[in-house]
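Peer 1: build me a model from this:
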Amino acid sequence: MQKQAHSGSRSRQVARFVEWMSPCGKFVLASVGDELLMCDWADGWHHGTIMSRFERLLPLSFESGTSPVIERALAELRAYFKGERKAFDLPLRYVGTEFQRAVWSALERVPYGELVRYGDIAEAIGRPKAARAVGAAVGQNPFSIIVPCHRVIGRDGTLVGYGGGYDAKRRLLALEMGVPESELPFESGAQLHAASRLAK
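Peer 2: Residues are numbered from 1 along each chain as shown. Just a heads-up that it's a prediction; the model follows:
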């Protein structure tokens, strides 16, 4: 992660950030005050877009360094990868449009080890015809793993793009389903059970 160059007279809050190597790849975790701002793949395809959104919507200066909420997030992530944690309990600072925030909130409600489709999320937020827009918002999720966009699959039951890459997505789903990656039911056109509704 590169520190952002800033201009203008707006008073800026300091966002602390650290890099962390998970079993699936490198993450950047950032916080503002006592809230987590980001847990994103350092080399993910959407990382630059997320950083641009922060620059546009928040007066922030990013500085290397940890914080209590970052350390708490790291502890919970380590427990997740050990199979000891199935849900996260962290104060999250959502930075995005009203629609994006609604999508991310719906993602938070997808249970551990279960799968949904973009249409399921669209139904959950009361926008049943907005599956394509939901897909774009899922791709802008700044809290990978913590807000589980890896549990979203395509309409035909196949894997779809993921910020951490397909290998990382397969590894996360295998962890949650308790099976070897070789036994994941993700063949082209495979029919997978996906929840049709999410708790509102």
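Peer 1: now the strands for this protein?
Peer 2: Assigned by DSSP state E, the strands in the chain fall at 13-22, 25-32, 35-41, 60-64, 116-117, 152-153.
Peer 1: could those strands go into TSV alongside mean pLDDT and mean neighbour count?
Peer 2: The way it works is simple: take the backbone N, C-alpha and C, and place the C-beta from them, glycine included. Shown next, in TSV, are these (pLDDT from 0 to 100; neighbours: other Cβ atoms under 10 Å):
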stretch	mean pLDDT	mean neighbour count
strand 13-22	96	16
strand 25-32	96	22
strand 35-41	97	24
strand 60-64	93	15
strand 116-117	93	23
strand 152-153	92	23
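Peer 1: could you dump those strands into a markdown table and include distance to residue 53?
Peer 2: Listed next are these as a markdown table, based on distance: least, Cβ to Cβ, whole Å:
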| stretch | distance to residue 53 |
| --- | --- |
| strand 13-22 | 13 |
| strand 25-32 | 13 |
| strand 35-41 | 10 |
| strand 60-64 | 11 |
| strand 116-117 | 24 |
| strand 152-153 | 20 |
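Peer 1: per-residue confidence for the spatially most central residue of the chain?
Peer 2: Among the residues of the chain, the one closest to the centroid is residue 144, at 2.4 Å (Cα atoms, centre = their mean). Looking at residue 144, its pLDDT is 96.
Peer 1: try residue 190
Peer 2: At residue 190, the pLDDT value in this model is 36.
Peer 1: quick one: average pLDDT of the longest helix along the chain?
Peer 2: Longest helix of the chain, by residue count under DSSP state H: helix 68-81. Helix 68-81 shows an average pLDDT of 98 in the prediction.
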